[in-house]
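A.B. asks: Provide a 3D model corresponding to the input given below.
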Amino acid sequence: MEQPKSASRALSPAAAAGASGILIALLSSAVFGLSGSFAKSLMEAGWTPATAVAFRMGGAALVLLVPALIALHGRWYQVRQNWKTIGLFGLVGVAGCQFFYFNAVERLSVGVALLLEFLAPVLMVLWMWFRSRRRPGTATIFGAAAAVVGLVLVLDLGGDLRVDPLGVAWGLAAAVCLAMYFFITAKQNDTLPPLVLTTGGLLVGAGTMLLLGLTGLLPTGFSTADVELAGWVTRWWVPLIGLVLLSTVLAYVTGIIAARALGPRVASFVSLTEVLFAVLWAWLLLSELPRTIQLVGGALIVTGLVLVRSDKHTDLPDVGAEEAPETSDQVTGRRRL
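C.D. replies: Below you'll find the model as predicted:
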């Protein structure tokens with residue numbers, strides 16, 4: 001009689017894989033959520049958003065280059081066949097989303113900036129509703145409504161402290177950029193290894209920022225002055241290394257592993273915890289916490305996104321914000337990195 005009891009207590013291989021996948025997905029969200037705090041500490045010391053984005057993408061691409069070449073295994077024809085996907089990932093999913101998000105972080109709290117960008121699925125629903133004239137499911141409608149109400153609360157239009165309108169515009173631009181990227185890549189069905197796609201996109205994004213900076217189209221500048229993190233004054237390269245190794249390299253690698261273990265839909269739900277982690281990190285590292293009404297609005301936005309994602313009648317690309325490419329057979333990607 002003891003054998004069935006012990007067997008019932010043991011986790012099946014599938015359940016164990018799912019549990020470990022969720023833990024890895026939470027780790028990915030946690031380190032992704034650090035990016036806003038690291039970037040803001042640099043920008044407060046004199047870095048421009050374009051420079052922070054270029055260093056982040058370029059540094060991460062260099063770290064991932066050797067593993068990507070190993071994954072490619074000499075199959076350069078895959079790169080030639082998928083150059084459009086790599087370009088779109090780099091220009092829209094990497095450079096565009098990161099640049100707009102970092103500009104938003106420069107003017108808004110980290111949590112508010114990220115919540116604005118996380119409105120991308122709602123924008124996608126509204127656009128598809130407008131284009132198809134086909135009413136979405138009930139859960140999607142309630143989810144979109146909750147997210148819109150949450151957005152009003154996050155902006156705290158009646159509060160004493162005014163939210164920077166330009167910062168809001170940058171955050172919404174990041175959301176639009178993310179939504180566009182999801183729509184574009186949803187039409188692809190490529191065989192490019194996800195690590196190669198990630199590295200190629202980072203190289204394209206870094207090159208784009210460098211080119212725009214050299215031509216003077218984007219302001220550039222950095223500082224070697226000390227920065228403040230968690231009440232401690234430290235060297236400028238500390239948040240920069242964290243931005244590259246933790247918020248990009250580790251975040252993407254764990255995101256790929258989690259998406260493969262859980263599947264894109266479950267991984268996209270877990271990725272919503274990035275908002276919570278971002279607010280927590282901003283509080284711990286920058287002493288920055290949204291006001292109570294903004295936290296309530298953030299909860300409504302996350303609830304709305306959960307409802308939208310849970311509605312199987314809504315034909316959205318099955319990815320979550322900042323979710324790394326999921327398999328070699330399907331191209332998916334994360335926003336702002």
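
A.B. asks: and the helices in the stretch 201-337 of the chain, which stretches?
C.D. replies: 237-241, 251-262, 264-270, 273-286, 292-310 (DSSP state H, counting those that start in this stretch).

A.B. asks: between the ones you listed, which gets nearest to I70?
C.D. replies: Evaluated over those, closeness to I70 peaks at helix 251-262, with 13.4 Å, by C-beta to C-beta. Using the backbone N, CA and C atoms, a C-beta is placed for each residue, glycine as well.

A.B. asks: quick revisit: please identify the most buried of the helices of the stretch 201-337 of the chain.
C.D. replies: helix 251-262 (a mean of 24; mean count of other C-beta atoms under 10 Å).

A.B. asks: related to what we said a few turns ago, format the helices of the stretch 201-337 of the chain as JSON lines; extra columns: mean pLDDT.
C.D. replies: Converted to JSON lines, those look like this (pLDDT from 0 to 100):
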{"stretch": "helix 237-241", "mean pLDDT": "95"}
{"stretch": "helix 251-262", "mean pLDDT": "82"}
{"stretch": "helix 264-270", "mean pLDDT": "70"}
{"stretch": "helix 273-286", "mean pLDDT": "88"}
{"stretch": "helix 292-310", "mean pLDDT": "83"}
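
A.B. asks: let's have these in a markdown table, adding distance to S109.
C.D. replies: Listed next are the helices of the stretch 201-337 of the chain as a markdown table, based on distance: least, C-beta to C-beta, whole Å:
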| stretch | distance to S109 |
| --- | --- |
| helix 237-241 | 17 |
| helix 251-262 | 21 |
| helix 264-270 | 23 |
| helix 273-286 | 6 |
| helix 292-310 | 8 |
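
A.B. asks: quick one, which of those helices is nearest to A30?
C.D. replies: helix 273-286 (4.7 Å).

A.B. asks: ok, which of the helices of the stretch 201-337 of the chain comes nearest K40?
C.D. replies: Nearest of the helices of the stretch 201-337 of the chain (C-beta to C-beta): helix 273-286, 6.2 Å.

A.B. asks: run through the helices of the stretch 1-150 of the chain in chain order.
C.D. replies: Under DSSP H, counting those that start in this stretch, the stretch 1-150 of the chain gives helices at 2-9, 13-32, 35-44, 49-72, 76-81, 83-88, 97-107, 110-117, 120-132, 138-155.

A.B. asks: what comes up buried for the longest one?
C.D. replies: Read it as helix 49-72. Taking 16 or more other C-beta atoms under 10 Å as the neighbour-count basis, helix 49-72 is seen to contain the buried residues 49-61, 63-64, 68, 71-72.

A.B. asks: got the confidence number for the closest residue to V63 other than its chain neighbours?
C.D. replies: Take V63 and drop its neighbours on the chain: the residue closest to it by C-beta to C-beta, 6 or more residues apart in numbering is V249, 5.0 Å away. Note for V249: predicted pLDDT of 92.

A.B. asks: could you do A95 as well?
C.D. replies: Looking at A95, its pLDDT is 91.
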